[in-house]
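S.K.: Okay, structure incoming, though there's no sequence with it:
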């Protein structure tokens, strides 16, 4: 049992957090005889509670064919999509060290002799119970014919007269000819492996490797990515243009120069191994080895002054913006857009969308017209700040200078010139430029007609699915299924955990009507902190952030319903779960989340020399990862040491209390501070809810008669 009283305070700024990691091994096996294959063989460390995505197993390997993934850490994870087909790659929630296995079968193996190979049945159904004549999706096509046609036996294929067939249209992509490819990988291979085609101006963010002890630095197209002090960024965004781009994470193990400082640490801060353990590059009197051991930065000078009031790594406050470039967003003529600011290199800036402005002609970025692959001006785009200033200009025109009946803004938007007259037909569809403008169609894509009143326009931009279609991802790139679940992990009572979800529109028309409701026993404990914004355009995205905080021990769950105009998934349902710990286990979770290990994690330890031990920070909702000796703000505060006060013959003691954590709080008073003089406050407290995990408690006690000249207060905290 730990009993503490908050008395002394001092200050320390700066800390380094560490996440608990476990080893995840990926391997491959031939299920015909149990032998190991070399198709997949990777190993790496992953943070507990995070989502790990496997490598993409080769579809074929020698004479073998991939069938499915399994995960030893949670045999209940099926690693299959909502229709039952094996996922590849598979995404797994990590709770313990485990092995992810890619399963294979000989390509020609057919144990039931029905001419449908075994791998096909395992990949799509997970078993061999379906005969060659089965039609599981009810489309009139047998299993053997689905196999021969390379179509899915899980999605019904459709036909109509006139030899216009389609199958599995959800997999169709219109045109990626002008799309560049991004590649994210690691050296050595295995930790990061991602690539794909994207539209120009797409912003790609690399995974955050801050929690990987072997992480040294990222390069983008061969250039090291670092902050103004030379420290490598653990994550950063970049903007795609028309060329392919590659980001490489460099991972280093060991200590090749034998100076006691891991090579990864030296490379991360300096990009070189030229500094030995005794060097002091920031001139603060602390060696490189000591900086590494203390968890402080070797590129920011640490300072001390008398009175044991210290601080470390004040780099979280930037004083010098000399290396920061300026962005300017303006319009010609001026007045419509006027924005500027200072931004760190790597910051992504998005210009306002002027699609609804009839006078909008085009944007330029640093003097270069911004347009799509067909030459039409982009109404909005994003760009990434580097080391130099950047200027985006919106050009607006309200005239018809060539007198052809077509507004100059329309011509400039589509062509970048006024050289095409009102009677021109540049796309050869029989419609003049004036008619295209009047009909609000594009003069760059041929419009088509057929008898019977069935027509379509601008077919080059049409997506097969012409309705809003919702797709939810968490984390980014991992698609959740309607009716699936998302786990917030285990956390102490009163602590909070946030998850961010990406909501995409993979349909052909805007996704609208986004509304969120919740139900279930713990619905109030899963709070929406950032709501999605509708409408969401085709291939567009918005975000949703949820926060879980609870004071009720054990498993907590609720169901989130995300309504939209998606005809098939309205609402999109998602089961939310989390586990609330109490007592000593809850405190240990809190300490680990604050990056405290060993002696520094003891409940009585004061790792930041601020006079406040870990248990008091845990009990009063204070920061455990840095110096924190705040006092609660009376009446409105949510964290801090107990706040005394009073007036009109009353002594008042106010403090935050963690709900359901098993802590015992006892407010006490004394007139002398002498041992044995402390007495519990007996008044009935006032309770003010803060959230599902915290409440603010107020005790008031009369000063007596005659009035006491002085009265001291404290709150005793016991962790059973």
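M.R.: Structure's in. What do you need? Bear in mind the structure is a predicted one, so any value in this text is a computation, not a measurement.
S.K.: Kindly state the domain boundaries assigned to this protein.
M.R.: The chain resolves into domains spanning 181-274, 326-447, 470-581, 586-719 when parsed by automatic domain parsing.
S.K.: now these as TSV including distance to residue 40, mean neighbour count and mean pLDDT?
M.R.: For glycine as for every other residue, the C-beta is placed from the backbone atoms N, C-alpha and C. Below are those laid out as TSV (distance: least, C-beta to C-beta, whole Å; neighbours: other C-beta atoms under 10 Å; pLDDT from 0 to 100):
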stretch	distance to residue 40	mean neighbour count	mean pLDDT
domain 181-274	10	17	91
domain 326-447	34	16	91
domain 470-581	19	18	91
domain 586-719	31	17	88
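S.K.: Longest strand of the protein, counting residues only.
M.R.: strand 35-47 (DSSP state E).
S.K.: Distance to residue 43 added to the domains of the chain, as TSV?
M.R.: Shown next, in TSV, are these (distance: least, C-beta to C-beta, whole Å):
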stretch	distance to residue 43
domain 181-274	7
domain 326-447	31
domain 470-581	21
domain 586-719	23
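S.K.: Out of these, which is closest to residue 83?
M.R.: Among those, the nearest to residue 83 by C-beta to C-beta is domain 470-581 (9.5 Å).
S.K.: tell me how far the ends of the closest one are from each other?
M.R.: 35 Å (C-alpha to C-alpha, to the nearest Å).
S.K.: Quick one: distance of it to the chain centre.
M.R.: With C-alpha atoms, centre = their mean, to the nearest Å as the basis, domain 470-581 stands 13 Å off its chain's centre.
S.K.: What is the three-state secondary structure of residue 264?
M.R.: helix (DSSP: H, G, I helix; E, B strand; the rest coil).
S.K.: Settle this for me: it is touching residue 251, isn't it.
M.R.: Yes: between residue 264 and residue 251 there is a contact under C-beta atoms under 8 Å: 7.2 Å.
S.K.: all strands of the stretch 101-250 of the chain, in order?
M.R.: 181-187, 193-197, 203-205, 215-220, 223-224, 237-239, 245-251 (DSSP state E, counting those that start in this stretch).
S.K.: I meant to write the stretch 351-500 of the chain there.
M.R.: Going by DSSP E, counting those that start in this stretch, the stretch 351-500 of the chain shows strands at 360-365, 368-369, 382-384, 390-396, 448-449, 455-456, 470-473, 479-480, 484-492, 496-505.
S.K.: okay if I get those as JSON lines plus distance to residue 620?
M.R.: Listed next are the strands of the stretch 351-500 of the chain as JSON lines, based on distance: least, C-beta to C-beta, whole Å:
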{"stretch": "strand 360-365", "distance to residue 620": "50"}
{"stretch": "strand 368-369", "distance to residue 620": "55"}
{"stretch": "strand 382-384", "distance to residue 620": "41"}
{"stretch": "strand 390-396", "distance to residue 620": "45"}
{"stretch": "strand 448-449", "distance to residue 620": "70"}
{"stretch": "strand 455-456", "distance to residue 620": "65"}
{"stretch": "strand 470-473", "distance to residue 620": "37"}
{"stretch": "strand 479-480", "distance to residue 620": "36"}
{"stretch": "strand 484-492", "distance to residue 620": "14"}
{"stretch": "strand 496-505", "distance to residue 620": "15"}
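S.K.: Relative to residue 688, which of those is closest?
M.R.: strand 496-505 (18.2 Å).
S.K.: moving C-terminal of the closest one, what's the next helix or strand?
M.R.: With elements assigned by DSSP states H and E, the helix or strand that comes after strand 496-505 is strand 515-519.
S.K.: Run the angle between the next helix or strand after that next one and strand 484-492 for me.
M.R.: Using DSSP H and E, the helix or strand that follows strand 515-519 in sequence is strand 526-530. Angle, strand 526-530 to strand 484-492, by axes from the mean of the first three to the mean of the last three C-alpha atoms, to 10 degrees: 100 degrees.
S.K.: Which neighbouring elements make contact with strand 526-530?
M.R.: Strand 526-530 makes packing contacts with strand 541-549 when contacts are defined by 3 or more C-beta pairs under 8 Å, 6 or more residues apart in numbering; DSSP states H and E.
S.K.: The strand it packs on to strand 515-519, inter-axis angle?
M.R.: Using the same axes, to 10 degrees: strand 541-549 against strand 515-519 is 30 degrees.
S.K.: Please name the strands paired to strand 541-549 in the sheet, noting orientation.
M.R.: strand 496-505 (antiparallel), strand 526-530 (antiparallel) (DSSP bridges).
S.K.: Contacts for it, please.
M.R.: For strand 541-549, contacts defined as C-beta atoms under 8 Å, 6 or more residues apart in numbering pick out 488, 491, 494-505, 514, 516, 525-534, 536, 556, 560, 562, 576, 578, 691-694.
S.K.: let's go with 6 Å and repeat that
M.R.: Residues from elsewhere that reach strand 541-549, judged by C-beta atoms under 6 Å, 6 or more residues apart in numbering: 488, 496-504, 526-527, 529-530, 532-533, 536, 578, 691-693.
S.K.: Skipping its backbone neighbours, what lies nearest residue 415 in space?
M.R.: residue 375 (6.9 Å; C-beta to C-beta, 6 or more residues apart in numbering).
S.K.: if we can go back for a sec, mutual contacts of residue 264 and residue 251, please.
M.R.: Common neighbours of residue 264 and residue 251 (C-beta under 6 Å, 6+ apart) are residue 214.
S.K.: one step back: just so I know, which of the strands of the stretch 351-500 of the chain lies nearest residue 194?
M.R.: Closest among those, using C-beta to C-beta: strand 470-473, at 13.7 Å.
S.K.: The closest one pairs with which strands, and in what direction?
M.R.: strand 479-480 (antiparallel), strand 496-505 (antiparallel).
S.K.: Let me have the ones you listed in a markdown table, adding distance to residue 542 as columns.
M.R.: Below are the strands paired with strand 470-473 laid out as a markdown table (distance: least, C-beta to C-beta, whole Å):
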| stretch | distance to residue 542 |
| --- | --- |
| strand 479-480 | 15 |
| strand 496-505 | 5 |
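S.K.: among those, which is nearest residue 348?
M.R.: Using C-beta to C-beta, the strands paired with strand 470-473 put strand 496-505 closest to residue 348, at 15.6 Å.
S.K.: which residues in the protein form helices?
M.R.: Here the chain has its helices, by DSSP state H, at 118-125, 143-149, 263-270, 288-294, 408-415, 433-439, 583-593, 614-619.
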